[in-house]
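Undergrad: sequence first, predicted model second:
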Amino acid sequence: MMHQSYNGIGRLSLSHAPTRLERNDTLSEELGVNIWIKYESELDAYSSGNKVRKLEYVLADVINTNSDTVVTAGGSNSNQCKAVAIYARRLGIKCELIVCDFEPMPEANGNYLIDLLMGAKVKKLPGSEWTNIEHHLDELVERLKVEGKKPYLLPPGSSDWRGSLGYIDMAKELAAQEAEIGTNFDHIVFPTGSGGMHTGLLAGTTMLNRPWNLTGICVLEDNSFFESKYLAILDDLEKYADIPSTVRSQSHFETHDGAVCGGYNQYDDQVVQAVVDAGRNHGLLIDPVYMGKAMLGLNQLIEEGKIVKDSNVILLHTGGTYILFGNEQQLSQNLRQPLTLGDI
């Protein structure tokens, strides 16, 4: 079903929103702050996570422009590629992906397995080519046009102004939940990999005049990279969606790049331990590419005093469960360590 919002911009109904907001008592006790989990991982049945809110707007435009092939890119663990492959198939649209990886890519596991099951056509490139990804995407789009197709290019992460609208929606959803449970939140922490979710959530927070401090935990790159993306997307939101220009002057964009651990789809023992501890100690299923770094970054923010004792903190769970499958070797050593909960 197609809806209209934000200056008449179309939106599909794809998600199971509103998503659950739930306090995690054991994590709160361990960290000394009140941790609430916002389960964006439950936006659909495929653990596509935060990408679904973005695709409601982006794929609406694919339909409105009568495009027949969607094109996007990511790593083999990309939630974006998987979500695009799934929803393109459901909408009867073809999907072509460019997938980059630093490690030799397995035949099929995790999100990459879902890409193939959905019939997406995949071009594999080494991870070093990610810096040239715009060139490779443009080249693919031109080839498809020569073949007589009508391609639609989705940026990695669906992080453009249309995708960001989904997280203005989420800010409204979160404000309603905050009022319903009677808890005023101080901080929202989440992984950031392409900047679109962060931009939309910050714009929505500012428009609603909520005092939430938003911190994106970088899973690649650094603060300057994401700030430039934020400004570019915000320019387009003002231009195409009539988002107030005051958002720029009133909002404070903040990221934390202390948990990058080598870059996208790369992680160290600290991240792996965060993934294992989240499951064993707190009943949270998280992945090492996105949420493991978010959990590590959250701990660092508390240790650095940027989040103080007894604060009310939302950790956005952005999905990525399928990424666990195919990373058994990296997790196995930590899984052999004894449990830390005592008698269980």
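TA: Yep, it's here. Numbering: from 1, shown residues only.
Undergrad: hang on, Gly119 packs against Ile86?
TA: No: if you go by Cβ atoms under 8 Å, Gly119 and Ile86 don't touch, sitting 10.3 Å apart. No exception for glycine: its C-beta is placed from N, CA and C like everyone else's.
Undergrad: more neighbours: which of those two?
TA: More crowded of Gly119 and Ile86, by other Cβ atoms under 10 Å: Ile86, with 24 against 11.
Undergrad: could you export the one helix or strand Leu137 maps to as PDB, CA atoms only?
TA: Secondary-structure assignment from DSSP states H and E places Leu137 in helix 133-146. Taking Å, rounded to 0.1, in the frame of the first residue of the first chain, the C-alpha atoms of helix 133-146 are listed here in PDB:
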ATOM      1  CA  ILE A 133      32.200   1.900  -5.500                       C
ATOM      2  CA  GLU A 134      30.500   4.900  -7.100                       C
ATOM      3  CA  HIS A 135      32.300   4.300 -10.300                       C
ATOM      4  CA  HIS A 136      31.400   0.600 -10.400                       C
ATOM      5  CA  LEU A 137      27.800   1.400  -9.600                       C
ATOM      6  CA  ASP A 138      27.600   4.100 -12.400                       C
ATOM      7  CA  GLU A 139      29.200   1.600 -14.800                       C
ATOM      8  CA  LEU A 140      26.600  -1.000 -13.900                       C
ATOM      9  CA  VAL A 141      23.700   1.400 -14.300                       C
ATOM     10  CA  GLU A 142      25.000   2.500 -17.800                       C
ATOM     11  CA  ARG A 143      25.400  -1.100 -18.900                       C
ATOM     12  CA  LEU A 144      21.800  -1.900 -17.800                       C
ATOM     13  CA  LYS A 145      20.500   1.200 -19.800                       C
ATOM     14  CA  VAL A 146      22.300  -0.100 -22.900                       C
END
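Undergrad: packing partners of that helix?
TA: Applying 3 or more Cβ pairs under 8 Å, 6 or more residues apart in numbering; DSSP states H and E, one finds that helix 133-146 contacts strand 69-75, strand 94-101, strand 121-126, strand 151-153.
Undergrad: looking at the ones you listed, which is buried most?
TA: Comparing those by mean neighbour count (mean count of other Cβ atoms under 10 Å), strand 69-75 ranks first with a mean of 25.
Undergrad: would you mind measuring from Ile314 to Ser67?
TA: Ile314 is 36 Å from Ser67, where distance means Cβ to Cβ, to the nearest Å.
Undergrad: more neighbours: these two, which one.
TA: Ile314 (23 against 18).
Undergrad: so what touches the helix or strand hosting that one?
TA: Ile314 belongs to strand 312-317 when assigned by DSSP H and E. Residues outside strand 312-317 that contact it (Cβ atoms under 8 Å, 6 or more residues apart in numbering) are 21, 33-41, 49-50, 174, 183-191, 212, 284, 286, 291, 294-295, 298, 307.
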